[in-house]
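1. Make a model of this:
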Amino acid sequence: MRILIVTAGSRGDVAPYTGLGARLRTAGHQVSVATHTGFAASVREAGLGFHALPADPRAELSSAAGQRLLHAGTGARAVIELLRMGRALMPAMGQGILAAASHGTDLLLLSATTAPLGRVVAEALGVPSMGVFLQPLAPTGAFAPLLAGNRVQGGAHVNRLAGRTVQTATDRLFAPTVRALRRQLGLPARSAPAQRRRDVRQIWPVLHGFSPSVVPRPADWPPGMRVAGYWWPAPTPDWHPSPQLADFLRAGPPPVYVGFGSLVVADAERLGSIVTAALRSAGLRAVVQPGWTGLKVTGDDVLTVDEAPHHWLFPRMAAVVHHAGAGTTAAGLRAGVPAVPVPAQMDAPFWAARLTHLGVGPRPIPLRDLSAARLVTALRQATDTPAFRDRAEALATRIAGEDGAGAVVAAVGRLSGG
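-> Below is the predicted model:
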């Protein structure tokens, strides 16, 4: 079967699909990924075909609109900024998905960011589609919606109401492009609520790429929505640590990791100064990845590395300090090490709160509240509290026993009648 995986966003929104695609290829399928040009190399290194989608996510996050989104963080203001940012990108994204699928496909696997447009393309081409989501986005009483951060306080009814409100706002983001794309492809008009009712009747399958031990499947989700387990990024072929990294790890006790991934912070110098001061005060060694912010941390016991796969690096750390993106959070849990989350925007506060709930690290420090003193306290708690590591290791063992990619392979087989 020819399978096209379609995803958009930052590295954490793409990397899990390289591993998923590689697993599907091993099962005998011909797999391609449609995403941004900046990720072409990692897709091809996994042995997958590549099709380009428009936009440069790093440039978008570095723009004035991206910085407004960062300062908004979560909640209503963040949704508004996301709407403003997305409206300009959606028409080109729809055409990019259509062009990628037109190369020939028998099945579309769609991320949450591409599903509304990908569903239209799949319908027009007469091929099946399936959701492969990295975040739990459907409204539920079990927890507040991801984009609300921790600002929604209430029980199941409030959570569901807030979730539907966010869902309506998201519909507004995609609605103009969905209408135009359906009209272009000769499809009858259909609103987002009507599409969801149709999905419930026909049980459109959505598999979620995170562990049920981290986020159990809400009981009030519609039929067809499953929590499959994590999809791990495909390993980089022939990767080996540099001599500098290997020597640094041998030269002393396990360091802490510090990296903020795809987060783009305007005042990178201030962030680097905070981290430098905290590490010096805590007396800890550190491995730092600059990420999209270009983080610079100085000190005799600090090593900066550009590329080091998290599945190799994190198990060698005493703790991981990160922005609580879905991918980095997953990598830390897989490694079984304590976490110090520093969430800033979008779904990061949700994942940071999950880490606290799971007992694998101290309370999150929101980026807007980050200081050297707060980071020192969190670092000492993470590295000096055996219970954090014990719970992290136990959770990592449970996660290792799951086969998220295998669940998708099985679902694809059922969908294709194989």
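2. Domain parsing of the protein, as residue ranges.
-> 2-230+402-416, 243-400 (automatic domain parsing).
3. Out of those domains, which gets nearest to residue 237?
-> domain 2-230+402-416 (5.9 Å; CB to CB). Every C-beta, even on glycine, is put in place using the N, C-alpha and C of the backbone.
4. ok, back up a step: next, format the domains of the chain as JSON lines and append mean neighbour count, mean pLDDT and distance to residue 236.
-> Formatted as JSON lines, the domains of the chain follow (neighbours: other CB atoms under 10 Å; pLDDT from 0 to 100; distance: least, CB to CB, whole Å):
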{"stretch": "domain 2-230+402-416", "mean neighbour count": "19", "mean pLDDT": "86", "distance to residue 236": "6"}
{"stretch": "domain 243-400", "mean neighbour count": "20", "mean pLDDT": "94", "distance to residue 236": "6"}
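5. Just put these in JSON lines and tack on distance to residue 237.
-> Below are those laid out as JSON lines (distance: least, CB to CB, whole Å):
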{"stretch": "domain 2-230+402-416", "distance to residue 237": "6"}
{"stretch": "domain 243-400", "distance to residue 237": "11"}
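6. Can you give me the first-to-last residue distance of stretch 214-225?
-> Start to finish, the residues bounding stretch 214-225 are 16 Å apart (CA to CA, to the nearest Å).
7. chain center to that stretch, what's the gap?
-> 18 Å (CA atoms, centre = their mean, to the nearest Å).
8. Stretch 337-354 too?
-> Worked out by CA atoms, centre = their mean, stretch 337-354 lies 11 Å from the chain centre.
9. Also stretch 349-357?
-> 14 Å.
10. Show me the contact partners of that stretch.
-> Stretch 349-357 is contacted by residues 73-74, 135, 143, 146, 149-150, 214-215, 324-326, 329, 332-333, 339, 341-343, 361-364, 366 when judged by CB atoms under 8 Å, 6 or more residues apart in numbering.
11. partners of the lengthiest strand in the chain, with directions?
-> Determined from DSSP state E, the single longest strand within the chain is strand 30-36. The pairing partners recorded for strand 30-36 under DSSP bridges are strand 2-6 (parallel), strand 49-53 (parallel).
12. Kindly export the last one (C-alpha atoms) in PDB.
-> It refers to strand 49-53. Extracted in PDB, the C-alpha atoms of strand 49-53 (Å, rounded to 0.1, in the frame of the first residue of the first chain):
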ATOM      1  CA  GLY A  49       9.900   9.400   0.400                       C
ATOM      2  CA  PHE A  50       9.600  13.200   0.900                       C
ATOM      3  CA  HIS A  51       7.200  15.800  -0.400                       C
ATOM      4  CA  ALA A  52       7.500  19.400   0.500                       C
ATOM      5  CA  LEU A  53       4.900  21.500   2.300                       C
END
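13. separation between the nearest residue to residue 377 once chain neighbours are set aside and residue 379?
-> Computed as CB to CB, 6 or more residues apart in numbering, the closest residue to residue 377 that is not its neighbour in sequence is residue 362, at 7.7 Å. To residue 379, residue 362 is 9 Å away according to CB to CB, to the nearest Å.
14. Can you work out which residues contact both of the two?
-> Joint contacts of residue 362 and residue 379 (CB under 8 Å, 6+ apart) are residue 340.
15. that older thread, return the subset of the contacts of stretch 349-357 lying in helices.
-> Those of these mapping onto helices are 326, 329, 332, 333, per DSSP state H.
16. list the contacts for the closest residue to residue 310 other than its chain neighbours?
-> Of all residues not flanking residue 310 in the chain, residue 331 sits nearest, at 3.7 Å (CB to CB, 6+ apart). By CB under 8 Å, 6+ apart, the contact list for residue 331 reads 310, 311, 314, 320.
17. in the stretch 51-200 of the chain, which spans are helices?
-> 57-62, 64-72, 76-101, 115-125, 156-184, 192-202 (DSSP state H, counting those that start in this stretch).
18. Packing partners of the longest one?
-> So the one you mean is helix 156-184. Counting contacts by 3 or more CB pairs under 8 Å, 6 or more residues apart in numbering; DSSP states H and E, helix 156-184 packs against helix 76-101, helix 115-125, helix 192-202.
19. is it true that residue 261 lies in a helix?
-> No - assessed with DSSP: H, G, I helix; E, B strand; the rest coil, residue 261 is coil; it does not lie in a helix.
20. Surely it touches residue 292?
-> Yes - applying CB atoms under 8 Å as the test, residue 261 and residue 292 come out as touching, 7.1 Å apart.
21. which neighbours do these two share?
-> Jointly contacting residue 261 and residue 292 under the rule CB under 8 Å, 6+ apart are residue 10.
22. In terms of helices and strands, where is residue 408?
-> helix 404-416 (DSSP states H and E).
23. and that helix, what other elements does it pack with?
-> Against helix 404-416 (3+ CB pairs under 8 Å, 6+ apart) you get helix 15-26, strand 107-110, strand 129-133, strand 206-208.
24. between those, which gets nearest to residue 414?
-> strand 129-133 (10.0 Å).
25. partners of the closest one in the sheet?
-> Strand 129-133 has these partner strands in its sheet, going by DSSP bridges: strand 107-110 (parallel), strand 206-208 (parallel).
26. Report the separation between the closest residue to residue 192 other than its chain neighbours and residue 344.
-> Nearest non-adjacent residue to residue 192, counting by CB to CB, 6+ apart: residue 171, 3.9 Å away. As judged by CB to CB, residue 171 and residue 344 stand 25 Å apart.
27. How about the secondary structure of residue 258?
-> Under three-state DSSP, residue 258 comes out as strand.
28. That one contacts residue 290, doesn't it?
-> No - applying CB under 8 Å, one finds residue 258 not in contact with residue 290, separated by 10.0 Å.
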